[in-house]
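1. sharing a model prediction with you, sequence too.
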Amino acid sequence: MSTATRLLNNNGENAPVGALDAAPVLSQTAQTLTDTSTGGDHTMTVEAGHAYIVVCTQVSVFGLAAVTTAGNVRWVCPAGGASVIRVPLGYTTLHMESLVDGGIIYLLEVIN
């Protein structure tokens with residue numbers, strides 16, 4: 001029996017523990033956002049039902065509605081970390097902000 005630590009994404013699928021533990025991933029599309037001022041609500045266009053790997057240089061939050069209130073935050077990406085998310089059906093916009101000025105967010109669409 002394996003003793004490896006496993007995390008699940010919001011769709012209940014196995015997700016890598018961190019960027020260094022992940023196998024190489026073939027990305028279909030990639031987007032980059034630099035948040036020059038903390039507190040801004042930035043958006044990226046995504047595909048409903050698709051999986052994405054989010055890599056963040058600073059702690060960042062993501063949501064399907066504006067991320068200006070805690071109730072709208074669906075995912076958190078740690079500084080220097082990676083998170084795997086699956087965009088629910090019916091959504092094509094991902095809202096995000098870095099919690100530190102100058103945070104960079106990389107969004108990579110995973111080929112299923």
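-> Perfect, thanks for sending it.
2. element containing I53?
-> In this assignment (DSSP states H and E), I53 forms part of strand 51-56.
3. surely L108 meets A51?
-> No - contact criterion Cβ atoms under 8 Å: L108 and A51 do not qualify, at 9.6 Å. Any C-beta I mention is one placed from the backbone N, CA and C, and that applies to glycine too.
4. pairing partners for the strand holding I53, with directions?
-> strand 82-86 (antiparallel), strand 103-110 (antiparallel) (DSSP bridges).
5. spit out the contact partners of the closest residue to D101 other than its chain neighbours.
-> Distance criterion Cβ to Cβ, 6 or more residues apart in numbering; nearest residue to D101, sequence neighbours excluded, is T38 at 5.2 Å. Contact partners of T38, counting by Cβ atoms under 8 Å, 6 or more residues apart in numbering, are E97, S98, L99, V100, D101, G103.
6. do I have it right that P88 meets E47?
-> No - using Cβ under 8 Å, P88 is not in contact with E47; the gap is 11.3 Å.
7. state the distance from the nearest residue to G103 once chain neighbours are set aside to S83.
-> Spatial nearest neighbour of G103, excluding adjacent residues (Cβ to Cβ, 6+ apart): Q58 at 3.3 Å. Remark: distance between Q58 and S83 (Cβ to Cβ, to the nearest Å) = 13 Å.
8. who has more neighbours out of these two?
-> A direct count of neighbours by other Cβ atoms under 10 Å for Q58 and S83 places S83 higher, at 22 against 18.
9. what sits against the more buried one?
-> Contacts of S83 (Cβ under 8 Å, 6+ apart): A15, I53, V54, C56, W75, V76, C77.
10. let's have these in JSON lines, adding neighbour count and pLDDT.
-> As requested, the contacts of S83 are exported to JSON lines (neighbours: other Cβ atoms under 10 Å; pLDDT from 0 to 100):
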{"residue": "A15", "neighbour count": "20", "pLDDT": "61"}
{"residue": "I53", "neighbour count": "22", "pLDDT": "89"}
{"residue": "V54", "neighbour count": "21", "pLDDT": "90"}
{"residue": "C56", "neighbour count": "27", "pLDDT": "92"}
{"residue": "W75", "neighbour count": "19", "pLDDT": "89"}
{"residue": "V76", "neighbour count": "14", "pLDDT": "90"}
{"residue": "C77", "neighbour count": "25", "pLDDT": "90"}
